[in-house]
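# A predicted structure for the sequence below; I have some questions about it.
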Amino acid sequence: MSRIVNTSSPGSIRNGCRRSIAEMLRRLMMKQQVDQETKDMAAAIVYYLREIDNTIETTTRAWEDRNYFLKADRFRSEWDWAKPSADRLERIVLGNRWSELPRELGALAPHFGDIKIAKLTRSSSTWDGAHARLLAKNAPKE
């Protein structure tokens, strides 16, 4: 009998997001200038970081239900960088402050250093249109 892998578990979601971000960081490091693809990738990273942050409470809630409070607190502190990073990157994208992008991506890189990328597997459909979606989501309501 083969092992069943739950692809919708918080851990699986987190790992998929981390892999996507790691690949986008690799691609962004090769860029010489800010183009539409750069903007889309930066916005997609914001979405992935938010998705990572959303999985943290789901994971820790299960542990707290079993009275593993110390384990839950340690886990939260291990991932406490995701939401502030998403907020900073979102401000850069929405404010067109592209000169700040390399510094922010450099600060993100150590969190993804454990991911080995032998081959880039994510297609551009992973981030296509993310910039426009982020701008539309944050557009003032009339």
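Yep, it's here.

# quick check: which helices or strands does the helix or strand harbouring residue 72 pack against?
If you go by DSSP states H and E, residue 72 is part of helix 69-78. With contacts defined as 3 or more C-beta pairs under 8 Å, 6 or more residues apart in numbering; DSSP states H and E, helix 69-78 has these neighbours: helix 36-65. From N, CA and C alone the C-beta is placed, and that goes for glycine too.

# so what angle separates the directions of the helix it packs on and helix 69-78?
Per axes from the mean of the first three to the mean of the last three C-alpha atoms, to 10 degrees, the angle that helix 36-65 makes with helix 69-78 is 170 degrees.

# how far off centre is helix 36-65?
5 Å (C-alpha atoms, centre = their mean, to the nearest Å).

# then stretch 91-103?
The chain centroid and the centroid of stretch 91-103 are separated by 16 Å under C-alpha atoms, centre = their mean.

# okay, buried residues for that stretch please.
92, 93, 94, 101 (16 or more other C-beta atoms under 10 Å).
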